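Novice: Need coordinates for the below:
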Amino acid sequence: MVYDSPWKAIAVAILFWGVQLIADNFLTPKIVGGNLKINALAAILSLFIGAAVWGVAGMILFLPFAAMLKVVCEEFEVLKPIAQIIGSQNYLKKETTKKALKNC
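Specialist: Sure, this is the predicted structure:
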């Protein structure tokens, strides 16, 4: 550091923390969850659970695990409600059905 005051370093650290907070908690679940067809709440919960269980590696691995859980739950009739909670496709189908009914 060239400056006499430590406040510039603290401001940079707070800026990096804020950017990471927004990216990890809001943007990543929306982007990755959208590609995996998982709703945002399930993506955020899988990130939190993954971080609690395995740390950073868990945050990376638990999103695909949630997608695999959704696929497995879709195959069994008893577990289909869990797949509907995890997945985001059901909401899209309902919206297109409502739009189709309005157009009739």
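
Novice: what about the residue with the largest distance to the centre of the chain, which SS state?
Specialist: For the chain, the largest distance from the centre (Cα atoms, centre = their mean) belongs to Asp4, which lies 41.4 Å off. Classification of Asp4 using DSSP: H, G, I helix; E, B strand; the rest coil returns coil.

Novice: Can you tell me how far it is from Val71?
Specialist: Relative to Val71, Asp4 is positioned 58 Å away (Cβ to Cβ, to the nearest Å). To be clear about C-beta, it is placed using only N, CA and C from the backbone, and glycine gets the same treatment.

Novice: still on that earlier bit, next one: phi and psi at the residue farthest from the centre of the chain?
Specialist: Asp4 adopts backbone torsions of phi -80, psi -30, taken as degrees, to the nearest 10.

Novice: who does the lengthiest helix in the chain touch, helix- and strand-wise?
Specialist: Using DSSP state H to define each element, the chain has its longest helix at helix 56-75. Packing partners of helix 56-75 (3 or more Cβ pairs under 8 Å, 6 or more residues apart in numbering; DSSP states H and E): helix 40-54, helix 80-86.

Novice: Kindly reformat the ones you listed as JSON lines containing mean pLDDT.
Specialist: Shown next, in JSON lines, are those (pLDDT from 0 to 100):
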{"stretch": "helix 40-54", "mean pLDDT": "90"}
{"stretch": "helix 80-86", "mean pLDDT": "88"}
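
Novice: Enumerate every residue touching Val72.
Specialist: For Val72, the contacting residues are Leu79, by Cβ atoms under 8 Å, 6 or more residues apart in numbering.

Novice: if we can go back for a sec, can I get the helices and strands packed on helix 56-75 in a markdown table with distance to Ile60 and mean neighbour count?
Specialist: A markdown table is the format used below for those (distance: least, Cβ to Cβ, whole Å; neighbours: other Cβ atoms under 10 Å):
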| stretch | distance to Ile60 | mean neighbour count |
| --- | --- | --- |
| helix 40-54 | 7 | 17 |
| helix 80-86 | 18 | 16 |
